[in-house]
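**Student:** I need the structure of the sequence given here:
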Amino acid sequence: MTSATKVPDLYPSRVDPAPAIRERVDPVVYGDHDGPLNADQKAEFEKQGFLQVPDVLSGEEVDALLSELAEFTGRTEVKDDHRTVVEPASNEVRSLFEIHRTNRVLARLIADPRIAGVARQLLGSDVYVHQSRVNFKPAFKGKEFSWHSDFETWHTEDGMPRMRALSISVSLTYNYTFNGPLMLIPGSHKRYVTCVGETPEDNFLSSLKAQEIGTPDPDSLVTLLTEAGGKIAECTGGPGGITIFDCNAMHGSNSNISPVPRSNVFVVYNSVENALVEPFAAPSRRPEFIAARDFTPVE
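**Tutor:** Prediction:
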């Protein structure tokens, strides 16, 4: 098993025979920097671990992105690309990875100061793209995704040392309660749930379709939910809104058995001061299109 040289493992996971809940040792908001968010929004993000901001993009901008995606996903070479993930049963496209490198229109969106500026503001530094993708949840067939903390995977399998990253989801369609929206446990980002089970070689081949290793145990989830007052937040809203959530926020989504599909652009920004080292609990690195090791700041 590969270890991280000369970097302490502050968040060990997948190494002990039983799960545990540990306290976070890193800040949530780094410093007091100017940016698109106001003081109340920053405080809300720090407290809850997520924040929704409606109408960041105009309707015309969303329409242009949807048109671009329709043309892009219709290409045979895109569906056959190793960076494209399909639904396990239906073979419909589930995710397109590394879109900041494969599509200029989406690359401009990811660098847009209304979006990347939020990451710089909350993380207190320049940022780079750790991962980017378009997520689709087709009508009737969109599969659920189990509860998990992204950081647990990014730490153990990618070698991300500290909790100084966040995700931003840009809605391209309506997110309703019934079409499998993102769900989060408020306040869960301040607790770290360790997982059991050794990471298999090339775990990403299966985890991108249905995650099993790196998912929390039921008792820990009950504890987090109890601490949140029994509340689970459903991130609903219209096209053009963004959802920002901390790297350690416990989240998941239900399957979409409704007739209404949903789509979003998803990007992970990591601080340039939190560059990846070797994986802390995995045999080898995940591929670059999942965990980038080009730490060039987003301009």
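**Student:** Show the contacting residues for the most centrally placed residue in the chain.
**Tutor:** Ranked by distance to the mean C-alpha position of the chain (Cα atoms, centre = their mean), the top residue is residue 167 at 4.8 Å. Shown in contact with residue 167 (Cβ atoms under 8 Å, 6 or more residues apart in numbering): 150, 244, 245, 247, 266, 267, 268, 269. No exception for glycine: its C-beta is placed from N, CA and C like everyone else's.
**Student:** Okay, strands next: where are they in the stretch 1-150 of the chain?
**Tutor:** 21-23, 50-53, 84-86, 93-97, 127-137, 145-149 (DSSP state E, counting those that start in this stretch).
**Student:** Would you tell me which of those strands gets closest to residue 230?
**Tutor:** When the strands of the stretch 1-150 of the chain are compared by Cβ to Cβ, strand 145-149 sits nearest residue 230, at 15.2 Å.
**Student:** Against which helices or strands is whichever helix or strand comes after that closest one packed?
**Tutor:** The first helix or strand that comes after strand 145-149 along the chain, using DSSP states H and E, is helix 150-153. Judged by 3 or more Cβ pairs under 8 Å, 6 or more residues apart in numbering; DSSP states H and E, helix 150-153 is in contact with strand 191-193.
**Student:** same thing but 10 Å
**Tutor:** strand 165-171, strand 191-193, strand 242-246, strand 250-253 (3 or more Cβ pairs under 10 Å, 6 or more residues apart in numbering; DSSP states H and E).
**Student:** which secondary element of this protein has the worst mean pLDDT?
**Tutor:** Within the chain, no helix or strand scores below helix 204-207, which has a mean of 56 by mean pLDDT, DSSP states H and E.
**Student:** Tell me how far residue 54 lies from residue 232.
**Tutor:** Using Cβ to Cβ, to the nearest Å, one gets 20 Å for the distance from residue 54 to residue 232.
**Student:** the more surrounded of those two?
**Tutor:** Neighbour count, other Cβ atoms under 10 Å: between residue 54 and residue 232, residue 232 has more, with 14 against 11.
**Student:** Now do the phi/psi pair for the more buried one.
**Tutor:** Main-chain torsions, residue 232, degrees, to the nearest 10: phi -120, psi 130.
**Student:** Okay, and the beta partners of residue 237?
**Tutor:** residue 175 (DSSP bridges).
**Student:** Isn't residue 192 up against residue 25?
**Tutor:** Yes. Counting by Cβ atoms under 10 Å, residue 25 is a contact partner of residue 192 at 8.6 Å.
**Student:** Fine by me, we can end here.
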